[in-house]
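**Q** Show me how the following folds:
(chains A and B)
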Amino acid sequence: MTRALSKHDPAKKWSGPTRPYDLIKEFVIALVVVAILAGGLAAVFSSPDDPALTLKSWSTADPADFVQTSVGELAGTTTSAGYGAPYNTAAEGQVLGPLKLQKWAGVRIPINPAKDFVISPLLILPDAAVKQAVNEWNVATADAQTKWATAYADALAKSPKSTSLDDAAGAYGPVPTITTALLNMAQTGALDGALTTSDTPLPTNFTKPMLFIADSGTYFPDLASAQHLSGDQWGVMNETGSWPGQSWLWLFSFFYQVEPFKSSENADTQVMSLLGLLTLLLMFLPLIPLLRRIPYRIPIHRLIWRDWYRRKKA
Amino acid sequence: MHLLSIDLNHPAHYLHFGVVSISAGNLIMITSIVVLFVLALALPFPNHHDDEGSHK
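**A** Modelled structure (predicted):
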């Protein structure tokens, strides 16, 4: 045991070649070079300054899409309404084989889109007609609510430019009044304030407006596609405008572009698991047969230390 | 300094090779990184020959 340790003892004094190395000097040079590069490039190229998307900008630019999405929230047909954990229990969510990872994480940020995005914000409006419509919605059965919202959603789908439709047959209940009031509220900017301050006194929590905007049928996806920010456009590694983006995420982005991940409903867990596995392979490379022979086949270290190897050979 | 500034607030130019879609900005960055790596391998260390290989 003692003999084996003495042969491979990492604490044993190094008897090979040495060279002086001033770590502080290297650190200072690196700091100065990086500071000059960062300051210089920022001065010349500035930084991305696309204005943030808000409920106000969305409802102003595409009011019909805003109303259709609002009706979808009431009908429970939007992405956030059927997302599952951490917002609700509407779906099982992402799984990895038998592992129900998203479901097991639990509902940590409970959100009811119909109530949180549409009904509750309207309660702050001092409008008797709106209060009556909200009250009519609240006392109705779930079946009646779904029937009203679905009927109005179907009617709006046939008239995609409209933001409000007459209810001659009385099939939509209070839904047109509710969505029209919500549209007006959003266009003033009041809905952004209501959603960002619904859980905290200061407007610091953007979870609800972001989920609402992400439910958009055309406005948000079209903007993302135009900037090449969608998942199927390598969007993870892209930036708005012409700036370079997160190019170091190229491998992460790559797997989303190819099968079987591209069409998988569980692509997120599959890709992250695969990258975790590749990271483990890299970490334990010296212990993995065949892979640990790569430096012998591709001896880049000999190129770096070519002077030493040349002298050793001589 | 304003005269030196370059406005990048316009749609990026994208290059497509099969499933690969990459912006000109990202391509420039990745190419620069690869070039720097190759230069770091190829260029000799500055004036360390006297010290290198000395044995304590």
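**Q** Now do the helices in the stretch 151-300 of chain A.
**A** Under the criterion DSSP state H, counting those that start in this stretch, helices of the stretch 151-300 of chain A are mapped to A:175-188, A:190-196, A:207-214, A:219-226, A:250-256, A:267-283, A:294-297, A:300-304.
**Q** cool, and chain B?
**A** Counting by DSSP state H, chain B has helices at residues B:24-42.
**Q** do you know which of the helices of the stretch 151-300 of chain A lies nearest A:Asp50?
**A** helix A:219-226 (9.4 Å; C-beta to C-beta). Every residue, glycine included, has its C-beta placed from N, CA and C.
**Q** any idea of the mean pLDDT in that closest one?
**A** Averaging pLDDT along helix A:219-226 gives 94.
**Q** returning to what we had before: can the helices of the stretch 151-300 of chain A go into JSON lines with extra columns for distance to B:Ala40 and mean neighbour count?
**A** Listed next are the helices of the stretch 151-300 of chain A as JSON lines, based on distance: least, C-beta to C-beta, whole Å; neighbours: other C-beta atoms under 10 Å in any protein chain shown:
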{"stretch": "helix A:175-188", "distance to B:Ala40": "54", "mean neighbour count": "22"}
{"stretch": "helix A:190-196", "distance to B:Ala40": "47", "mean neighbour count": "22"}
{"stretch": "helix A:207-214", "distance to B:Ala40": "42", "mean neighbour count": "21"}
{"stretch": "helix A:219-226", "distance to B:Ala40": "37", "mean neighbour count": "16"}
{"stretch": "helix A:250-256", "distance to B:Ala40": "20", "mean neighbour count": "17"}
{"stretch": "helix A:267-283", "distance to B:Ala40": "20", "mean neighbour count": "13"}
{"stretch": "helix A:294-297", "distance to B:Ala40": "17", "mean neighbour count": "10"}
{"stretch": "helix A:300-304", "distance to B:Ala40": "8", "mean neighbour count": "12"}
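**Q** List the residues that contact the residue nearest to A:Leu275 when sequence neighbours are not counted.
**A** For A:Leu275, ignoring the flanking residues on the chain, the nearest one in space by C-beta to C-beta, 6 or more residues apart in numbering or on different chains is A:Phe252 at 6.1 Å. If you count contacts by C-beta atoms under 8 Å, 6 or more residues apart in numbering or on different chains, A:Phe252 has them with A:236-237, A:271, A:275.
**Q** Same question for A:Ala149.
**A** If you count contacts by C-beta under 8 Å, 6+ apart, A:Ala149 has them with A:71-72, A:74-76, A:175.
**Q** switch to 10 Å and redo it
**A** A:Ala149 makes contact with A:70-77, A:114, A:118, A:137, A:172-173, A:175, A:178-179 under the criterion C-beta atoms under 10 Å, 6 or more residues apart in numbering or on different chains.
**Q** same thing with A:Gln233?
**A** A:224-225, A:227, A:253, A:256-257, B:14, B:21.
**Q** which residues touch A:Met237?
**A** Applying C-beta under 10 Å, 6+ apart, the residues contacting A:Met237 are A:228, A:244-254, B:21-23, B:26, B:30.
**Q** Where does chain B get nearest to chain A, which residue?
**A** Distance from chain A to each residue of chain B (C-beta to the nearest C-beta) is smallest for B:Gly25, at 3.6 Å.
**Q** Skipping adjacent residues, who's closest to that residue in space?
**A** A:Pro244 (3.6 Å).
**Q** sorry, back to before: let's have the helices of the stretch 151-300 of chain A in TSV, adding distance to A:Leu37.
**A** Output for those, formatted as TSV (distance: least, C-beta to C-beta, whole Å):
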stretch	distance to A:Leu37
helix A:175-188	43
helix A:190-196	37
helix A:207-214	33
helix A:219-226	31
helix A:250-256	22
helix A:267-283	28
helix A:294-297	31
helix A:300-304	24
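**Q** Out of the ones you listed, which is closest to A:Thr89?
**A** Closest approach to A:Thr89 among those is made by helix A:207-214 (16.0 Å; C-beta to C-beta).
**Q** mind saving the C-alpha coords of that closest one as CSV?
**A** What follows is helix A:207-214 as a C-alpha-only set of coordinates in CSV (Å, rounded to 0.1, in the frame of the first residue of the first chain):
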residue,chain,number,x,y,z
THR,A,207,-45.1,36.3,-14.6
LYS,A,208,-48.8,36.9,-15.4
PRO,A,209,-48.4,39.5,-18.2
MET,A,210,-45.6,37.3,-19.8
LEU,A,211,-47.8,34.2,-19.7
PHE,A,212,-50.7,36.2,-21.1
ILE,A,213,-48.7,37.6,-24.0
ALA,A,214,-47.2,34.2,-24.6
